[in-house]
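**Student:** Here is the input, now give the coordinates:
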Amino acid sequence: MSQASVGHHCPECVAGYSQTVHTADSLMNAPTQVTKTLIAANVAAFVVQLASADRFTNWGILFGPFVEAGDLWRILVSGFLHGSLLHIGFNMYALWIFGPTLERGVGAFRFGLIYVTSLLGGSLAVLAFNFGQPTLGASGAVLGLAGGIAGVLMTRGVNVFRTSLGSIFLINLALPLLVPRISFWGHLGGIAAGFVAGLLLTWLPERAKQSQAIAVAVTSAFVLALLVANFAVAGVV
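**Tutor:** Predicted coordinates for the structure are as follows:
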């Protein structure tokens, strides 16, 4: 047996298993390039919207009848469009709050996977329950990151509703009831999809003892299922 910081390890165990240790400093200094790229993409899209006199907005906004007619790109593009400076400002601030925390915690690739999952979940809920309402904005994807954090915390035994996330979810689901222009279904679909993705990416390796590759594969299959579901609800497949 080999002396370890806590107890003893057998040589075979040490040789066959390597553990990555994250300190507070290493997490705080970890890169957050995906978050920054997403913010840049949203800002660039908003600039194009302003420069095109709403032509780009009309081309990309999520609207069920247009998706049904074959405009499949709207399912994704609409998540990068915004209706006003206040709209994009609020969403990018929220992305800057939630993004680095989750990206540092799960890594760039898995973070991107949660973001795409959340965006598709928001679009699916809008198409399923608000088919004839034009919708745009990154709020579903951004709130999905908060859902992803909740999934990670639940894996690790934290009661989310005893943290500030519980209040964030309640406020953002109640807000559309007070401000009709805000999409309730986009918020709910994004949060739910992000939560499932965060749960899959951490529960499978940490609780079910599956490999990270299997967790990513299962989550990727979930993303594909959401995409197909978007097409199906819009009557494309």
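**Student:** Tell me where the protein has strands.
**Tutor:** Using DSSP state E, the strands of the chain run over 2-3, 8-9.
**Student:** Now do the helices in the chain.
**Tutor:** 11-16, 24-28, 33-51, 55-60, 64-68, 74-77, 85-106, 108-129, 139-155, 164-178, 184-206, 212-233 (DSSP state H).
**Student:** Please tabulate these in a markdown table, including the columns mean pLDDT.
**Tutor:** Formatted as a markdown table, the helices of the chain follow (pLDDT from 0 to 100):
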| stretch | mean pLDDT |
| --- | --- |
| helix 11-16 | 43 |
| helix 24-28 | 49 |
| helix 33-51 | 98 |
| helix 55-60 | 98 |
| helix 64-68 | 97 |
| helix 74-77 | 98 |
| helix 85-106 | 96 |
| helix 108-129 | 98 |
| helix 139-155 | 97 |
| helix 164-178 | 90 |
| helix 184-206 | 97 |
| helix 212-233 | 98 |
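**Student:** hmm, back to that, which stretch in the strands of the chain has the least confidence?
**Tutor:** Sorting the strands of the chain by mean pLDDT places strand 8-9 lowest, at a mean of 45.
**Student:** Next one: the residue nearest the centre of the chain from residue 108, what distance?
**Tutor:** With distances taken as Cα atoms, centre = their mean, the residue of the chain nearest its centroid is residue 115 (3.0 Å). Distance, residue 115 to residue 108, by Cβ to Cβ, to the nearest Å: 11 Å. Every residue, glycine included, has its C-beta placed from N, CA and C.
**Student:** For those two, list the residues in contact with both.
**Tutor:** residue 34 (Cβ atoms under 8 Å, 6 or more residues apart in numbering).
**Student:** Quick one: neighbours of residue 134, just the number.
**Tutor:** Other residues within reach of residue 134, judged by other Cβ atoms under 10 Å, total 18.
**Student:** what's the answer for residue 84, then?
**Tutor:** 10.
**Student:** what sits up against stretch 127-137?
**Tutor:** Here stretch 127-137 makes contact (Cβ under 8 Å, 6+ apart) with 57, 60-65, 67, 75, 78-79, 81-83, 87, 91, 126, 183, 185-186, 230, 233-234.
**Student:** wait, what's in contact with the nearest residue to residue 48 once chain neighbours are set aside?
**Tutor:** Leaving out its chain neighbours, the residue that sits closest to residue 48 by Cβ to Cβ, 6 or more residues apart in numbering is residue 56, at 5.0 Å. By Cβ under 8 Å, 6+ apart, the contact set of residue 56 is 45, 48, 49, 81.
**Student:** got a winner among those residues for most neighbours?
**Tutor:** residue 81 leads the contacts of residue 56 on contacts (other Cβ under 10 Å) with 25 neighbours.
**Student:** Nearest residue to that one in space, ignoring adjacent ones along the chain?
**Tutor:** In this structure, residue 81 finds its nearest non-sequential neighbour in residue 136, 4.2 Å apart by Cβ to Cβ, 6+ apart.
**Student:** Just give me the neighbour total for residue 229.
**Tutor:** Neighbour tally, residue 229, other Cβ under 10 Å: 17.
**Student:** residues touching the nearest residue to it once chain neighbours are set aside, list them.
**Tutor:** Residue nearest to residue 229 in three dimensions, not counting chain neighbours: residue 124, with 5.4 Å by Cβ to Cβ, 6+ apart. Contacts here follow Cβ under 8 Å, 6+ apart; on that basis residue 124 touches 189, 193, 226, 229, 230, 233.
**Student:** Relative to residue 150, how far out is the residue lying closest to the third one once chain neighbours are set aside?
**Tutor:** For residue 226, ignoring the flanking residues on the chain, the nearest one in space by Cβ to Cβ, 6+ apart is residue 120 at 4.1 Å. Using Cβ to Cβ, we find residue 120 at a distance of 18 Å from residue 150.
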